[in-house]
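S.K.: Provided below for reference: sequence and predicted model.
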Amino acid sequence: MFFYRIFLLILDLKLLTASHDNTLANRQQENKYPDVVSCLKAIEDPLLTPESPEWTEAIKPYNLRIAPIPAAVITPKDVKSAQDVMACARLFPGTRLSPLCGGHSFVSYGLGGTDGAVVVSMKSFKKIQMVTPRVVRVGGGVLVRELTVFLLNNGGLQWAHARGSEVGIVGSAIGGAVGTASRLIGSTLDTVVALDIILPDGNLTHATAEENADIFFAVLGAGSSFGIITSLDIKVFEAYPNPVTYKYQWDKPTLNQSVMTFKAFQDYGINQAPPELYIRLGTALPSNVRYEGVYYGDIKQFEDIMKPLLSQLSPPDVANATLCSVLKADNNHLLFLPRRAVTYAESEVTLSGSLDGPPATRPSAATYTNSLLTFEPIPDNTIQEFMSNLMARSEEKKSIDFRMQQFFDLWGGYESYNSKMTAKDEGTYAFPHTKALLVFRADGVLKNATNIGAWPSDGISFVQSFTKPLFDSQKSPRSYINYRDSAYTEEQWSSRYYSDQYPKLQQIKAHLDPAGIMSANPQSIQPSPGGV
């Protein structure tokens, strides 16, 4: 039965890509170019090479620790131009394409991840249109901020997206894109209903859960390995008009206080947190621990929603002054209560960033990121060890301006208290993490770094020394694709990002992209060893 199912999968994939664009095929047969850059120049779209005056700024990475040097950066003006870029790649074996949208990859994968990629900037793909009253089509170059503003101006609508207003939608969506509203309406990936992608053979292909289903499956979790995504169709929702944003912070906490904020947070997520609540535990020890987030519900209910969590803890030292009133005594505990709710637009700015436009300067730093998705509660002894290490050692590299920052987000809630995030079964798409409890991220950040050589030789191992107890507490550790870890081996990233989905992805890769055109970065899906 297993081999029969694989046979059907391969047959289905071959039918999907049986026809080829004759024009592009003719171009392949009539190769008159000495190299791929010459071929790209013939497209007559904006092209940058190492000789271009804008080159240095164009290839500046978000993470200065990983600074690949591409072969070229081309900005196709439309789908036909992007197909021509793909045709050029086919003409020259070994060419690797890397689509670039927002450019916020933690490991510089928009620039290829390693030297020599042809970067395909999607800046021209900015079209946004409503295709139904509750589905919006976004081009492959649209940023979170741009779609949020469009929806606010077209009916005051809300959508599920990652935190970060300058993040590219396509790049974040194919890795999950979990954000403040995800426990209520899902991740971006959950809300994608259709997509258009230029496959390595040059064909523009439309995919849904019913049409070209295997392509749809592969793109939602591993899209950069399969083609150039030109648009996504995303479900949108009526925005909650007056959400409540909040922040509770404990300054210079004791070890016991720090441990209790974690235990209370995890227990609350398992047993009581409603889907309308987004909550993050930030651990900037020894300076502070904090809860922050947003509640998409009635402000009159907020006190009762938070009381089971806050009543377990000592009074916080800081609360957001614009959103919280004076302290109120309650059974010998002091609680901060919200003074007022905010508009939906205000909540977006508070938690995701400005909607007014791009920053004057593009932020960057040298960083290393490590992430963990938990599917079982973190034991008390592990919490104690983790917090103790942070309290004692997180500032060891302060003299070189190296700092640690960590946070835990309540993902979908546990089996005893489901949210929209846990509604999909694993296997619906390549992204296999919909039933996670928490997502954890640790960053080692070298502030004011100017080049890759400034990164300390033990920077990665230093960060991992803090996160190891958390990983060891999980039977089968998983990691969040959008928080990619550059230190992972293929065995680690294939299992931690894709779990049991990886063999199916390899089969699809072997058929759609045997030449590896869409394999620029080191964590691209590898074709199955036996091919198709």
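M.R.: Cool, got the structure.

S.K.: Heading C-terminal from the top helix by length along the chain, find the next helix or strand.
M.R.: Using DSSP state H to assign secondary structure, the helix with the most residues in the chain is helix 255-271. Next helix or strand after helix 255-271 toward the C-terminus (DSSP states H and E): strand 277-284.

S.K.: Could you list every helix and strand that that following strand packs against?
M.R.: Other helices and strands packing on strand 277-284, by 3 or more CB pairs under 8 Å, 6 or more residues apart in numbering; DSSP states H and E, are helix 182-185, helix 255-271, strand 288-295, strand 402-410. In short, each C-beta sits where N, CA and C put it, glycine included.

S.K.: Including mean neighbour count, mean pLDDT and distance to F216, could the ones you listed go into a markdown table?
M.R.: Formatted as a markdown table, the helices and strands packed on strand 277-284 follow (neighbours: other CB atoms under 10 Å; pLDDT from 0 to 100; distance: least, CB to CB, whole Å):
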| stretch | mean neighbour count | mean pLDDT | distance to F216 |
| --- | --- | --- | --- |
| helix 182-185 | 25 | 93 | 20 |
| helix 255-271 | 19 | 96 | 31 |
| strand 288-295 | 22 | 95 | 31 |
| strand 402-410 | 20 | 96 | 27 |
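
S.K.: out of those, which comes closest to I508?
M.R.: When the helices and strands packed on strand 277-284 are compared by CB to CB, helix 182-185 sits nearest I508, at 26.4 Å.

S.K.: right, and the helix or strand after that closest one?
M.R.: Next along from helix 182-185, by DSSP H and E: helix 188-191.

S.K.: Helix or strand, whichever it is, which one in this protein has the lowest mean pLDDT?
M.R.: strand 324-330 (a mean of 42; mean pLDDT, DSSP states H and E).

S.K.: Report the rounded mean pLDDT for stretch 49-61.
M.R.: Stretch 49-61 carries an average pLDDT of 95.

S.K.: Compare the helices and strands packed on strand 277-284 and give me the one nearest P456.
M.R.: It is, among these and with distance given as CB to CB, strand 402-410, at 6.4 Å.

S.K.: Partner strands of the closest one and their direction?
M.R.: Here strand 402-410 is paired, per DSSP bridges, with strand 277-284 (antiparallel), strand 438-446 (antiparallel).

S.K.: Export those to CSV and append columns for mean neighbour count, mean pLDDT and distance to S182.
M.R.: As requested, these are exported to CSV (neighbours: other CB under 10 Å; pLDDT from 0 to 100; distance: least, CB to CB, whole Å):
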stretch, mean neighbour count, mean pLDDT, distance to S182
strand 277-284, 22, 96, 7
strand 438-446, 22, 96, 10
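
S.K.: To I270, which of those strands lies closest?
M.R.: Comparing the strands paired with strand 402-410 by CB to CB, strand 438-446 comes nearest, at 9.7 Å.

S.K.: so after that closest one, what's the next helix or strand?
M.R.: Next along from strand 438-446, by DSSP H and E: helix 459-472.

S.K.: hang on, the earlier thing: now the strands paired with strand 402-410 as CSV including distance to S461?
M.R.: Formatted as CSV, these follow (distance: least, CB to CB, whole Å):
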stretch, distance to S461
strand 277-284, 20
strand 438-446, 10
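
S.K.: Show me the contact partners of the longest helix of the chain.
M.R.: Helix 255-271 is contacted from outside by 250, 253, 279, 281, 283, 285, 289, 291, 308-309, 312-314, 377-378, 380, 383-384, 386-388, 390-391, 408, 410, 413-414, 416-417, 437-438, using CB atoms under 8 Å, 6 or more residues apart in numbering.

S.K.: Give me the buried subset of the residues you listed.
M.R.: 250, 253, 279, 281, 283, 285, 289, 291, 309, 313, 377-378, 383-384, 386-387, 390-391, 408, 410, 413-414, 417, 437-438 (16 or more other CB atoms under 10 Å).

S.K.: Appreciated, that's everything.
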